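Enquirer: have a look; sequence and predicted model below, questions after that.
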Amino acid sequence: MPAPKAITGKPFHVDNATNSLIHALDKQVRDLWASGELSPTLLLEMYQQVKLDELYHSNKIEGNSLTFGETVQVIQSNREIHGKPRKDQQEARNLSAALDYVHEIGIDNSIAVTQNELRRVHALILKNLQADAGRYRTTQIEITGSSFAPPEAFEVPANMTALSDFVKLVTNPNAQQSDFPLFSAAVAHVWLAQIHPFTDGNGRTARALMNLILMRRGYPPCIVTEEDRPRYIDSLESSWNDGSLTSFIELVHENVNEQLENRNWLLSLQARLEHNVTPAVESEFRVWLNAMTYLKSLFRHTIDKLDAMNTQGQFQLRFIDYGELDLAKYAALRDGMPARKTKYFGIEANDADKRQLYAFDFGVANTTLRQRTRVALLLKLTVNPSADAFQLEEEVPTANPNVYQLGYDTESRKFVEFAGDHKTREQTPQAFMRHFFEELLPRGMRL
């Protein structure tokens, strides 16, 4: 199959490590089908079980004000919620119908996925909201918050023809395909978002198309969550500029893999924790979150300054924002329970052929640190994207006790770090940040 090209003419591509992730996941999915752990019936059930998650998060990314509970109420009871915009409630009903249609054609291989199907998905998403629902735009538009310029309106039909030809190919069970479903689904999403063929609803349509391709090819769904939004937007922007899908596919892979591990985890966790979050814990969380937000801003600003000073370009740093930890997950970690999607921010370091990712991830504090705080910020280092993550203190020998767990004592309003040997010590966020850039980052690059 010819390499699909962005509207800029640059072929979509990924780095070797991400390509390895794609191959590994493909083998895993194929093995599940071979063993009978996945079947058409089970796959449809999986998509239907996470439909409300997909619906809620896809609308939330676009600014919909409904909570998850309100979204469920609108879909299941079909009654108006007092005090909530009717537009937001209509968006929930519309996307529900659109996803039902996606599931219908996703499971039926006899239906060719053409421009007509894509326009129908869009028409369902914006039904009774826009007069041009299901029709390509006739004016030039801008993408909010992006410097990327979509094609002119007169170029949209030709671009959509090229995209729909690609989609038809990768969803046709009789075609001789040399691609991989994860790559194809990511390409289709990014490509449609690049074209921005509609005046509104492009993001929801692109995410629905991505899952349509995954479903047609026997893959679990990808639920891009509200928490993923900063990373999601950044990865799309990166793909539009140079055709690189590395960051975007890493996000998609992570979310598809999560569905394989435990497709019902998010809903069950929400149900278990909602009644356990007391006003005192919520107040504690607000204080804690303000402190962690300040710490993250120190790292972000330092990266910005280093980037501005970097004139040679041989060593590059990139800040990755994974969003905020919500109250439910904070409460889970506080009580010593596991939680998923707890990454806070990351720093990607590139030096020649070496790429490393330093991930700051929230977790349950160790026994010593729990004397002052129950939730800790853990520093993990991935040496090259395809390697397994490991704790720095387990891999980097040092004569002095270095800090890789940091917490915040909401009583004393002080940052507290694990100092080793069953001891803790108070630390300023500025000192922790300097310790990372002066000692941990240089040491990691020497590994």
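Expert: All right, it came through fine.
Enquirer: distance check, the residue most central in space within the chain against residue 442.
Expert: In the chain, the C-alpha nearest the mean C-alpha coordinate belongs to residue 228, at 3.7 Å (CA atoms, centre = their mean). According to CB to CB, to the nearest Å, residue 228 and residue 442 sit 31 Å apart. C-beta coordinates here come from the backbone N, C-alpha and C atoms, glycine included.
Enquirer: what of residue 142?
Expert: From residue 142 over to residue 442 the distance is 42 Å, taken as CB to CB.
Enquirer: again with residue 284
Expert: For residue 284, the distance to residue 442 (CB to CB) stands at 36 Å.
Enquirer: out of those two, which sits in the busier spot?
Expert: Between residue 284 and residue 442, counting by other CB atoms under 10 Å, residue 284 is the more crowded of the two (18 against 11).
Enquirer: any idea of the mean pLDDT in the helix or strand hosting the more buried one?
Expert: Secondary structure from DSSP states H and E places residue 284 in helix 279-309. Average pLDDT, helix 279-309: 90.
Enquirer: can you mark which positions in the next helix or strand after it are buried?
Expert: Per DSSP H and E, the first helix or strand lying C-terminal to helix 279-309 is strand 315-321. Neighbour-count burial for strand 315-321, counted by 16 or more other CB atoms under 10 Å, picks out 317, 319, 320, 321.
Enquirer: between those residues, which is nearest residue 199?
Expert: For these, the residue nearest residue 199 by CB to CB is residue 321; the value is 28.7 Å.
Enquirer: which one is the closest one nearest to, not counting chain neighbours?
Expert: residue 230 (4.4 Å; CB to CB, 6 or more residues apart in numbering).
Enquirer: so that neighbour sits right up against residue 324, yeah?
Expert: No - assessed by CB atoms under 8 Å, residue 230 is found out of contact with residue 324, at 9.4 Å.
Enquirer: any idea how far residue 309 is from residue 296?
Expert: 21 Å.
Enquirer: more neighbours, those two?
Expert: Under the criterion of other CB under 10 Å, the comparison of residue 296 against residue 309 puts residue 296 first, with 20 against 8.
Enquirer: what's the spacing between the more buried one and residue 362?
Expert: Look at residue 296 and residue 362: by CB to CB, they are 12 Å apart.
Enquirer: quickly list what's touching both of these two.
Expert: residue 344 (CB atoms under 8 Å, 6 or more residues apart in numbering).
Enquirer: before we move on, back to that, which one among the buried residues of strand 315-321 gets closest to residue 201?
Expert: residue 321 (25.5 Å).
Enquirer: wait, is residue 140 part of a strand?
Expert: No - checked against DSSP: H, G, I helix; E, B strand; the rest coil, residue 140 lies outside a strand; its state is coil.
Enquirer: contact partners for it?
Expert: 150, 152, 153.
Enquirer: nearest to residue 373 among those residues?
Expert: residue 150 (46.6 Å).
Enquirer: which strand is the longest one in the protein?
Expert: Secondary structure of the chain per DSSP state E: the longest strand is strand 354-364.
Enquirer: list the buried ones in that one?
Expert: Within strand 354-364, the residues scored as buried using 16+ other CB under 10 Å are 355, 356, 357, 358, 359, 360, 361, 362, 364.
Enquirer: so that strand versus helix 279-309, what angle?
Expert: Computed by axes from the mean of the first three to the mean of the last three CA atoms, to 10 degrees, the angle separating strand 354-364 from helix 279-309 equals 170 degrees.
Enquirer: need the per-residue pLDDT for residue 444.
Expert: Residue 444 is given a pLDDT of 57.
Enquirer: let the chain start at 55 from now.
Expert: In the new numbering, first residue 55, that becomes residue 498.
Enquirer: of all the buried residues of strand 408-418, which two lie farthest apart?
Expert: By the measure CB to CB, 409 and 418 form the most distant pair in those, at 29.1 Å.
Enquirer: can I get stretch 99-112 as PDB, trimmed to CA atoms?
Expert: Only the C-alpha atoms of stretch 99-112 are listed here, as PDB (Å, rounded to 0.1, in the frame of the first residue of the first chain):
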ATOM      1  CA  GLU A  99     -19.800  -6.000  23.500                       C
ATOM      2  CA  MET A 100     -16.500  -4.300  24.400                       C
ATOM      3  CA  TYR A 101     -17.300  -1.300  22.300                       C
ATOM      4  CA  GLN A 102     -20.800  -1.000  23.700                       C
ATOM      5  CA  GLN A 103     -19.600  -1.300  27.300                       C
ATOM      6  CA  VAL A 104     -17.300   1.700  26.900                       C
ATOM      7  CA  LYS A 105     -19.600   3.700  24.700                       C
ATOM      8  CA  LEU A 106     -20.600   6.100  27.500                       C
ATOM      9  CA  ASP A 107     -16.900   6.600  28.300                       C
ATOM     10  CA  GLU A 108     -16.200   7.400  24.700                       C
ATOM     11  CA  LEU A 109     -19.200   9.600  24.300                       C
ATOM     12  CA  TYR A 110     -18.500  11.600  27.500                       C
ATOM     13  CA  HIS A 111     -14.800  12.200  26.900                       C
ATOM     14  CA  SER A 112     -15.200  13.000  23.200                       C
END
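Enquirer: and the contacts of that stretch?
Expert: By CB under 8 Å, 6+ apart, the list of residues contacting stretch 99-112 reads 120, 122, 125-126, 129, 146, 149-150, 153, 157, 160, 257-258, 261-262, 265, 269, 274-275, 277-280, 313, 317-318, 320-321.
Enquirer: which of these are buried? Put it as a PyMOL command.
Expert: Only the buried entries of the contacts of stretch 99-112 go into this PyMOL selection, using 16+ other CB under 10 Å:
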select buried, resi 120+122+125+126+129+146+149+150+153+157+160+257+258+261+262+265+269+274+275+277+278+279+280+313+317+320
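Enquirer: so of the contacts of stretch 99-112, which ones are in helices?
Expert: Taking DSSP state H, the ones among those that sit in helices are 122, 125-126, 129, 146, 149-150, 153, 157, 160, 257-258, 261-262, 265, 269, 313, 320-321.
Enquirer: hmm, residue 225 and residue 168 touching each other?
Expert: No - distance between residue 168 and residue 225: 9.7 Å, which falls outside the contact criterion (CB under 8 Å).
Enquirer: neighbour count: those two, which is higher?
Expert: Using other CB under 10 Å as the criterion, residue 168 and residue 225 rank with residue 225 on top: 27 against 15.
Enquirer: list the contacts of the more buried one.
Expert: Residue 225 makes contact with 166, 167, 266, 267, 270, 271, according to CB under 8 Å, 6+ apart.
Enquirer: list buried residues within these.
Expert: Neighbour counting with 16+ other CB under 10 Å marks 167, 266, 267, 270, 271 as buried within the contacts of residue 225.
Enquirer: let me see the contact set for the second one.
Expert: Residues in contact with residue 266 (CB under 8 Å, 6+ apart) are 156, 159, 160, 167, 175, 225.
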